[in-house]
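Student: Below are the sequence and a predicted model; questions follow.
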Amino acid sequence: MWSAGGARASAPDISAVVVSWNVRDLLARCLQSVEHSAGLGGVTVELVVVDNASHDGTPTMLKEIFPHAHVVALAENRGYAAGVNVGLRVARGRHLLVLNPDTEALNDAVPQLVRFLDDHPAVGAVGPALIYPDGAPQPSRRRFPPLPVLFFQDTTLHGLARPWLGRFFMDDIPATTPHPVDWLVGAVLAVRREAIESVGGMDETFFMYFEEVDWLRRMKAAGWSVWFLPQATFVHHEGASSGQVIPLRHAHYARSRIRYAERWHGLPTAKMLWGWLMLHFGWQLALEWAKGRVGHKPRLRRARVAAYGHVLQILWRARPSCACSS
């Protein structure tokens with residue numbers, strides 16, 4: 001039985017749970033922005049940082065600048081979902097703000113999210129509008145991915161997914177007023193404690209990617225609604241941690257797609273998706289090898305062949321028949 005940290009009479013309004021890996025400076029800006037934003041609306045906030053074995057001086061920075069934060073230092077990188085769950089278990093807030101370390105709250109975004117949850121008791125989770133550092137809007141609203149999107153988005157056959165992408169990204173609904181969604185990009189999510197207690201934490205078999213899709217889908221299946229609140233805004237630098245290791249990012253994304261497909265679409269679909277992704281990355285490897293053989297940027301081609309080979313090894317171990325059982 002899942003149990004998040006017990007709320008008490010003196011519990012803060014919200015606990016900010018941040019999982020960090022080697023992004024010390026962005027993490028500092030994130031925590032400072034959350035505290036500043038909360039103060040603008042008189043909201044009490046607890047900082048909970050789960051550090052996934054960073055080696056960039058993050059623990060020292062936290063001791064020096066945020067000695068009041070609750071810091072959990074893990075001995076190894078256990079993945080994003082596992083890190084979030086560690087933070088949720090120690091957090092004391094009435095609500096939980098799960099956010100990436102490469103995000104920054106603007107103005108009174110944190111109080112806005114708290115008030116929305118307080119005013120709408122049927123809402124299990126709410127997310128803000130996200131923007132890029134240059135101020136451009138960053139799409140964060142989603143419907144659950146239909147199979148063409150699940151299979152073909154961001155692959156060599158990406159074009160086959162285009163007829164479904166507009167609906168997937170909710171282009172038919174203006175992003176100017178609050179409205180319900182299927183799920184939101186997990187960079188920033190304000191979640192009701194009772195919703196977490198009803199469905200449990202994130203599924204830790206999603207090392208990275210799709211963990212928020214699965215989590216919010218379970219909340220909706222349990223009767224909670226998920227909302228988008230554009231009046232609250234966060235900057236999202238996007239991919240600051242995962243972008244440090246590109247091959248692993250591809251592997252984790254592909255593996256999580258397979259895991260999600262099995263849970264929500266069944267084992268036969270997951271097997272077909274696994275086969276297609278093995279074929280896709282195998283073709284990419286063969287293409288890079290062929291380019292290298294004719295002398296086109298040989299050092300780059302060798303690196304890419306090695307990267308795709310690593311992705312294929314991880315995917316082989318993730319085949320649904322043995323690694324994706326619910």
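Tutor: Received it, and whenever you're ready, just let me know what you need.

Student: Return the backbone torsion pair for residue 130.
Tutor: Main-chain torsions, residue 130, degrees, to the nearest 10: phi -110, psi 140.

Student: ok, it - contacts?
Tutor: 103, 137, 138, 139, 140, 185, 187, 188, 233, 234, 235, 236 (CB atoms under 8 Å, 6 or more residues apart in numbering). (Each C-beta comes from the backbone N, C-alpha and C, glycine too.)

Student: Hmm, residue 128 and the second one touching each other?
Tutor: What that stands for is residue 137. No. If you go by CB atoms under 8 Å, residue 137 and residue 128 don't touch, sitting 11.6 Å apart.

Student: more neighbours, these two?
Tutor: Higher neighbour count among residue 137 and residue 128: residue 128, with 28 against 12, using other CB atoms under 10 Å.

Student: ok so, going back, which among the contacts of residue 130 end up buried?
Tutor: Buried members of the contacts of residue 130, scored by 16 or more other CB atoms under 10 Å, are 103, 138, 140, 185, 187, 188, 233, 234, 235, 236.

Student: what's residue 15 sitting at in phi/psi?
Tutor: phi -110, psi 120.

Student: and the spatially most central residue of the chain, how far is that from residue 32?
Tutor: Geometric centre of the chain, nearest residue: residue 186, 4.0 Å, by CA atoms, centre = their mean. As judged by CB to CB, to the nearest Å, residue 186 and residue 32 stand 21 Å apart.

Student: pretty sure residue 68 contacts residue 47?
Tutor: Yes. Contact criterion CB under 8 Å: residue 68 and residue 47 qualify, at 7.1 Å.

Student: so what secondary structure elements neighbour whichever helix in the chain runs longest?
Tutor: Ranked by residue count, the top helix of the chain under DSSP state H comes out as helix 267-293. When contacts are defined as 3 or more CB pairs under 8 Å, 6 or more residues apart in numbering; DSSP states H and E, helix 267-293 sits against helix 147-152, helix 246-265, helix 298-317, helix 320-323.

Student: deepest of those, which one?
Tutor: Each of the helices and strands packed on helix 267-293 was assessed for mean neighbour count using mean count of other CB atoms under 10 Å. The highest is helix 246-265, with a mean of 21.

Student: So which elements touch that helix?
Tutor: Packed against helix 246-265 by the contact rule (3+ CB pairs under 8 Å, 6+ apart) you find helix 147-152, helix 211-221, helix 267-293, helix 298-317.

Student: switch to 6 Å and redo it
Tutor: Judged by 3 or more CB pairs under 6 Å, 6 or more residues apart in numbering; DSSP states H and E, helix 246-265 is in contact with helix 267-293, helix 298-317.

Student: could those helices go into JSON lines alongside distance to residue 87?
Tutor: Shown next, in JSON lines, are the helices and strands packed on helix 246-265 (distance: least, CB to CB, whole Å):
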{"stretch": "helix 267-293", "distance to residue 87": "29"}
{"stretch": "helix 298-317", "distance to residue 87": "26"}
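
Student: Please identify which of those is closest to residue 78.
Tutor: For the helices and strands packed on helix 246-265, proximity to residue 78 was assessed by CB to CB; helix 298-317 is nearest, at 16.3 Å.

Student: Let's verify residue 76: helix, strand, or coil?
Tutor: Recorded secondary structure, residue 76: coil (DSSP: H, G, I helix; E, B strand; the rest coil).

Student: In terms of pLDDT, where does it sit?
Tutor: For residue 76, the model assigns a pLDDT of 85.

Student: what domains does the record give for this protein?
Tutor: With domains defined by automatic domain parsing, the chain comprises 14-242, 245-323.

Student: what ranges of the protein fall below the confidence cut-off?
Tutor: Within the chain, the segments meeting pLDDT under 70 span 1-9, 239-247, 322-326.

Student: can you give me the angle the lengthiest strand in it makes with helix 211-221?
Tutor: Longest strand of the chain, by residue count under DSSP state E: strand 225-236. Relative orientation of strand 225-236 versus helix 211-221 (axes from the mean of the first three to the mean of the last three CA atoms, to 10 degrees): 160 degrees.

Student: which strands and helices sit next to strand 225-236?
Tutor: strand 103-105, helix 109-119, strand 123-131, strand 179-181.

Student: So which residues make contact with the last one?
Tutor: Contacts to strand 179-181, defined as CB atoms under 6 Å, 6 or more residues apart in numbering, come from residues 141, 225, 226, 227, 228.

Student: Most widely separated two among the residues you listed?
Tutor: Among the contacts of strand 179-181, 141 and 225 lie farthest apart (CB to CB), at 13.7 Å.

Student: more neighbours, these two?
Tutor: For residue 141 versus residue 225, the count of surrounding residues by other CB under 10 Å is larger for residue 141: 23 against 15.

Student: If that one is in a bridge, with which residues?
Tutor: Here residue 141 sits in beta bridges with residue 184, going by DSSP bridges.

Student: That one reaches residue 171, doesn't it?
Tutor: No. In this structure, residue 141 is not within contact of residue 171 by CB atoms under 6 Å, at 9.3 Å.

Student: OK, contacts around residue 270?
Tutor: Counting by CB under 6 Å, 6+ apart, residue 270 touches 258, 261, 262, 320, 324.
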